[in-house]
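Visitor: I need the structure of the sequence given here:
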Amino acid sequence: MNIIKIVVLSLLLPLQVKADAIPLGGIEVKLDVITQPLIKVEKPGGGWYNRIQLKSNVENPSIYQTEVPITVKLHEQDGYRISVKNPLILTRHAIILRGVTQQGHPMVSNIQDHQEFSPAEIRWGSDHTNLRLLSAIPETFYVDNSTSRQTSTHYLLQISAQAPRGKNTAGKYHGQLTLLFETNS
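Guide: Numbers count the residues shown, from 1 in each chain. The predicted structure follows:
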């Protein structure tokens, strides 16, 4: 079984949601592949992403999304399965400040403010018209390997999440996305 861990870190939500596209921030992505070299997952050209930017949707500024190209290389395989280990929920934990003392030090309340995005929709496919919603139930993808022992196919990974509603939604959001890749054999 191949495991790809995508760690989602340091997401910044702007102080106010506006109609303008405002970048949410960077997402640190870490890749671990554990298996025999039957499947390899990388960005086109090799390597892996250090950061991915989610941006607000121009038509609906409360939706934050990104889309990145990914290459899947299979050795003597006709396909693979992909699933999401756990839902991606971007969260923020913040300590509420009640004010400032006469000496200029912050007065911290014991109340912690917790905000979270809706569970993210994770989609995967060879192009925009063939994106499939991923879940804990594996989706199977087949490739044409009739001409070679090794195939290389390009895909799109699309992440989309609804920002929290209400006041005081600005801050750093974080979460973790783990995608499981398994060969069909």
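Visitor: which residues touch residue 136?
Guide: For residue 136, the residues meeting the contact criterion (Cβ atoms under 8 Å, 6 or more residues apart in numbering) are 83-86. From N, CA and C alone the C-beta is placed, and that goes for glycine too.
Visitor: pLDDT value on it, please?
Guide: What the model reports for residue 136 is a pLDDT of 94.
Visitor: that one sits in which helix or strand?
Guide: Under the criterion DSSP states H and E, no helix or strand holds residue 136.
Visitor: so residue 70 versus residue 122, what's the distance?
Guide: Applying Cβ to Cβ, to the nearest Å, the value for residue 70 to residue 122 is 12 Å.
Visitor: and for the two, which residues touch both?
Guide: residue 157.
Visitor: more neighbours, those two?
Guide: Ranked by neighbour count (other Cβ atoms under 10 Å), residue 70 and residue 122 place residue 122 first, with 23 against 18.
Visitor: not counting its neighbours along the chain, what's nearest the more buried one?
Guide: Nearest non-adjacent residue to residue 122, counting by Cβ to Cβ, 6 or more residues apart in numbering: residue 134, 4.5 Å away.
Visitor: then residue 128?
Guide: That would be residue 156: by Cβ to Cβ, 6+ apart, it lies 7.1 Å from residue 128.
Visitor: can you verify my assumption that that neighbour contacts residue 129?
Guide: No: in this structure, residue 156 is not within contact of residue 129 by Cβ atoms under 8 Å, at 10.6 Å.
Visitor: which of the two has more neighbours?
Guide: Higher neighbour count among residue 156 and residue 129: residue 156, with 16 against 6, using other Cβ under 10 Å.
Visitor: give me the beta-bridge partners of that one?
Guide: For residue 156, the beta-bridge partners under DSSP bridges are residue 69, residue 125.
Visitor: ditto for residue 80
Guide: The partner residues for residue 80, given DSSP bridges, come to residue 141, residue 183.
Visitor: what number of residues lie near it?
Guide: 23.
Visitor: any idea how far it lies from residue 152?
Guide: Counting by Cβ to Cβ - residue 80 and residue 152 are separated by 13 Å.
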